[in-house]
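A.B. asks: predicted structure and sequence below. I'll ask about it afterward.
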Amino acid sequence: MSSATKPESNLQEPDLSRQNSNMAGQTSEPPAAQASHEESPATNHAARPALVFSGVSKIFPDSTHALEGVSFSVSQGEFFTVVGPSGCGKSTLLRIASGLDTATAGKVEVDREHLGYIFQDATLLPWRPVIRNVELLGELHHFSTQERRKLAQQAIKTVGLEGFENHYPDTLSGGMKMRVSIARTLTLNPSVFMFDEPFGALDEITRERLNEETLSLFIREQFAGLFITHSISEAVFLSTRVGVMSPRPGKIIDIFDVPFPYPRDPELRFTPEFAELAGAVSASLRATGGKA
Ligand SMILES: Nc1ncnc2c1ncn2[C@@H]1O[C@H](COP(=O)(O)OP(=O)(O)O)[C@@H](O)[C@H]1O
Ligand SMILES: [Mg+2]
């Protein structure tokens, strides 16, 4: 069963001071969610969406039809996860949001100056130690040496890698590499944080720990989160809402509210309520004919 309540943030007092200021044509939140798939034009939601997809379609030059009419929005203090079968267009959606690719139809509204993007691979530079990898984005944004060192040290502390500043990537575990990747993005203080299956290659224990750390980060930073995963359990554990995508061309066919308040105890995963919601998401996914 999915929640039938309005999909507002479960967080207390979202930090609206981090709202984007350069977005036009705001839309509002959908009214809700007995697994709805349309954003409503209702206008009574307090938080302005930080990321809005409106009718986004993508047909590649070789005629591959990757996305069709994708519409949803994510507000500050919301964590929206998309689950969908392999090849349904999830990465394409994030690439379009980040400006790495363009939509064939529809539009995305987001402040790209404050957009963080975590890829499936940690994409670290092997010849640089942890601290210099974390400083990379600050370098590209021309932060002063002092400023980027300070931001990198803070971010390394946030992801629990203090003491590893001078280690090289090939000496780190997969989970630690992903922490470095997250720290690198944190130095830009993103208001919209997108994750493309970041923990898919990790063992279950590491993945669960990183899920818990991602939630702590979310609760502290109150960004607008857009997360992609194959794991229904990961989706439900992290999110305020879960969107289910159909096989290619990818469409959002259901949106489930996740009613559990933050902070979430790791044991939540073993409650009947959690299992019930995960089961509903799974059934929706199966109904699409796709398997995450
Ligand atoms: N540049 C491209 N040209 C043609 N087809 C592409 C291109 N990039 C991705 N595709 C195809 O588009 C579909 C969606 O890809 P992708 O977004 O990576 O899926 P997902 O991340 O959901 O697994 C896939 O069938 C993929 O092969
Ligand atoms: Mg992908």
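C.D. replies: Nice, I can see it. Ligands and ions are numbered 1, 2, ... in the order given.
A.B. asks: tell me how far residue 78 lies from residue 231.
C.D. replies: Going from residue 78 to residue 231 by Cβ to Cβ, to the nearest Å gives 19 Å. The C-beta positions use only the backbone N, C-alpha and C, and glycine is treated the same way.
A.B. asks: now do residue 255
C.D. replies: Taken as Cβ to Cβ, the span from residue 255 to residue 231 is 18 Å.
A.B. asks: more crowded one of the two?
C.D. replies: Counted by other Cβ atoms under 10 Å, residue 255 and residue 231 do not tie: residue 255 has more neighbours, with 24 against 19.
A.B. asks: what's the helix or strand for the residue in the chain positioned nearest to ligand 2?
C.D. replies: Relative to ligand 2, the nearest point of the chain is residue 91 (3.2 Å; Cβ to the ion). Residue 91 belongs to helix 90-98 when assigned by DSSP states H and E.
A.B. asks: check contacts around the closest residue to the residue of the chain closest to ligand 2 other than its chain neighbours.
C.D. replies: Distances taken as Cβ to Cβ, 6 or more residues apart in numbering place residue 196 nearest to residue 91, at 5.5 Å, with adjacent residues excluded. For residue 196, the contact set (Cβ atoms under 8 Å, 6 or more residues apart in numbering) comprises 90, 91, 94, 117, 118, 119, 120, 228.
A.B. asks: which one among those residues gets closest to residue 285?
C.D. replies: Comparing those against residue 285 with Cβ to Cβ places residue 90 closest, at 12.6 Å.
A.B. asks: what's the closest non-adjacent residue to that closest one?
C.D. replies: residue 228 (4.6 Å).
A.B. asks: tally up the residues packed near the one you found, please.
C.D. replies: 22.
A.B. asks: same question, residue 171
C.D. replies: 10.
A.B. asks: got the end-to-end distance for stretch 136-144?
C.D. replies: 12 Å (Cα to Cα, to the nearest Å).
A.B. asks: residues contacting it, please?
C.D. replies: So stretch 136-144 is in contact with 125, 128, 147, 148, 151, 152, 184, 185, 187, 188, going by Cβ under 8 Å, 6+ apart.
A.B. asks: tell me where the longest helix sits in the protein.
C.D. replies: Longest helix in the chain by number of residues (criterion: DSSP state H): helix 204-221.
A.B. asks: can I get the CA coordinates of that helix in CSV?
C.D. replies: Extracted as CSV, the C-alpha positions of helix 204-221 are listed here (Å, rounded to 0.1, in the frame of the first residue of the first chain):
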residue,chain,number,x,y,z
GLU,A,204,25.2,-5.1,0.9
ILE,A,205,26.7,-4.2,4.2
THR,A,206,28.7,-1.3,2.8
ARG,A,207,25.8,-0.2,0.8
GLU,A,208,23.5,-0.1,3.8
ARG,A,209,26.1,1.9,5.8
LEU,A,210,26.4,4.3,2.9
ASN,A,211,22.6,4.6,2.7
GLU,A,212,22.6,5.6,6.4
GLU,A,213,25.3,8.1,5.9
THR,A,214,23.6,9.5,2.8
LEU,A,215,20.5,10.1,4.9
SER,A,216,22.5,11.8,7.7
LEU,A,217,23.9,14.1,5.0
PHE,A,218,20.5,14.8,3.6
ILE,A,219,19.0,15.6,7.0
ARG,A,220,21.9,18.0,7.6
GLU,A,221,22.2,19.6,4.2
